[in-house]
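Novice: curious how this folds, go ahead:
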Amino acid sequence: MSLVVENISKVYGETPVLEHVNLTLEYGIYGLLGPNGAGKTTLMRIMTDLLVPSTGRVLYNGKDISVLGSVFRDKLGYLPQEFGVYPSFTAEQFLLYIAKLKGLSKFEAKRRSDELLELVDLADKKKKKLDGFSGGQRQRIGIAQALLNDPQIIIMDEPTAGLDPEERIRFRGILSDLSQNRTVLLSTHIVSDLEAVANEVILLKKGKVLEMKKPAELLSSLNGTVWTVTLPTNEGAILAKQYPLSNISHFDEKSTLRLLSEQQPHPAAQLVTPNMEDMYLSFFYEL
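Specialist: Numbers count the residues shown, from 1 in each chain. Have a look, this model is predicted:
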């Protein structure tokens, strides 16, 4: 199984949003990472055949998805960034409705709805109307609807938005199980989620792919460049303006800074192990 993005560009007026993007996705979890405005949502909408590219094409097993049409969509599960529900529907009614739209039989729709409500830990709330759901619960319903047709390709735009830490951990476990024989692409601003589950991370900046590598490879490239130092608050404030800063905490009139620098930024600074937030800063930080 392969999903290939071939020379995709997207231009609105004279503004390029994506420029000559080339990707090959097979089984596993791929994280799409980039700042706001990088083109992540546009790329995902093109990959789900919801948006026509200005140039290029997307191939599923060697065939253009725009030609495959419903054959491709039958293999696809999608959670958009802005996911709406019908608030007067119960959780069960909503999933059964979406299942019908996806062409599932009545028996299969009921079976899959029950399975997925259990999977996202909402089985005890299946008779509750969605207008009484929290943001995190609605997001879990969104995740469930994306999986109704047992898709081979799962594309999720900010799926962990609104989820609390326990829900995020559960969601990462679900993705890990699903990715054994599926292709999963997700974008998120919570970079620690990608470190936990992604087989590869795609870095997108200003519509261009900077890197597509395993998290460990991205992190190893930062070895020897991440430092921590504790200083009086006034000294820390000066240092924070001179280097990319991935974290700062204050206690008892002192500041502990986490900085990126090729050279030791201060005589008291100590090297530390890079994490995904450091990696994000190193690629996307701009003075």
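Novice: now residue 252: phi and psi?
Specialist: When read as degrees, to the nearest 10, the backbone of residue 252 gives phi 50, psi 50.
Novice: is residue 28 in a bridge, and if so with what?
Specialist: residue 183 (DSSP bridges).
Novice: how is this protein divided into domains?
Specialist: Domain assignment of the chain by automatic domain parsing yields the ranges 3-219, 221-284.
Novice: pLDDT weak spots in the stretch 151-287 of the chain?
Specialist: For the stretch 151-287 of the chain, the stretches with pLDDT under 70 are 286-287.
Novice: so where do the strands sit in it?
Specialist: Assigned by DSSP state E, counting those that start in this stretch, the stretch 151-287 of the chain shows strands spanning 153-157, 183-187, 200-205, 208-213, 226-232, 245-251, 254-260, 270-271.
Novice: buried residues in stretch 17-26?
Specialist: 17-19, 21, 23, 25 (16 or more other C-beta atoms under 10 Å). Quick note: C-beta positions are derived from backbone N, CA and C, even for glycine.
Novice: any chance of JSON lines for these, columns secondary structure and pLDDT?
Specialist: Listed next are the buried residues of stretch 17-26 as JSON lines, based on DSSP: H, G, I helix; E, B strand; the rest coil; pLDDT from 0 to 100:
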{"residue": "17", "secondary structure": "strand", "pLDDT": "97"}
{"residue": "18", "secondary structure": "strand", "pLDDT": "98"}
{"residue": "19", "secondary structure": "strand", "pLDDT": "97"}
{"residue": "21", "secondary structure": "strand", "pLDDT": "98"}
{"residue": "23", "secondary structure": "strand", "pLDDT": "98"}
{"residue": "25", "secondary structure": "strand", "pLDDT": "97"}
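Novice: closest to residue 252 out of the residues you listed?
Specialist: Residue 252 lies nearest to residue 17 out of the buried residues of stretch 17-26, by C-beta to C-beta, at 47.3 Å.
Novice: I figured the closest one hits residue 206, correct?
Specialist: No - in this structure residue 17 lies outside contact range of residue 206 using C-beta atoms under 8 Å: 9.1 Å.
Novice: shared neighbours, the two?
Specialist: Taking C-beta atoms under 8 Å, 6 or more residues apart in numbering as the criterion, residue 17 and residue 206 both touch residue 39.
Novice: can you say which of the domains of the chain is packed in most?
Specialist: Neighbour counts (mean count of other C-beta atoms under 10 Å) averaged over each of the domains of the chain peak at domain 3-219, with a mean of 18.
Novice: so how far is that domain from its chain's centroid?
Specialist: Distance of domain 3-219 from its chain centroid, counting by C-alpha atoms, centre = their mean, to the nearest Å, is 8 Å.
Novice: start and end of it, how far apart?
Specialist: 26 Å (C-alpha to C-alpha, to the nearest Å).
Novice: what of stretch 10-18?
Specialist: Per C-alpha to C-alpha, stretch 10-18 runs 5 Å from first to last residue.
Novice: show me the contact partners of that stretch.
Specialist: By C-beta under 8 Å, 6+ apart, stretch 10-18 touches 8-9, 39, 42-43, 46, 51, 53-54, 207.
Novice: want to throw the residues you listed into JSON lines with distance to residue 179 and secondary structure?
Specialist: Listed next are the contacts of stretch 10-18 as JSON lines, based on distance: C-beta to C-beta, whole Å; DSSP: H, G, I helix; E, B strand; the rest coil:
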{"residue": "8", "distance to residue 179": "23", "secondary structure": "strand"}
{"residue": "9", "distance to residue 179": "29", "secondary structure": "strand"}
{"residue": "39", "distance to residue 179": "24", "secondary structure": "coil"}
{"residue": "42", "distance to residue 179": "24", "secondary structure": "helix"}
{"residue": "43", "distance to residue 179": "19", "secondary structure": "helix"}
{"residue": "46", "distance to residue 179": "22", "secondary structure": "helix"}
{"residue": "51", "distance to residue 179": "25", "secondary structure": "coil"}
{"residue": "53", "distance to residue 179": "26", "secondary structure": "coil"}
{"residue": "54", "distance to residue 179": "31", "secondary structure": "coil"}
{"residue": "207", "distance to residue 179": "27", "secondary structure": "coil"}
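Novice: fine by me, thanks again.
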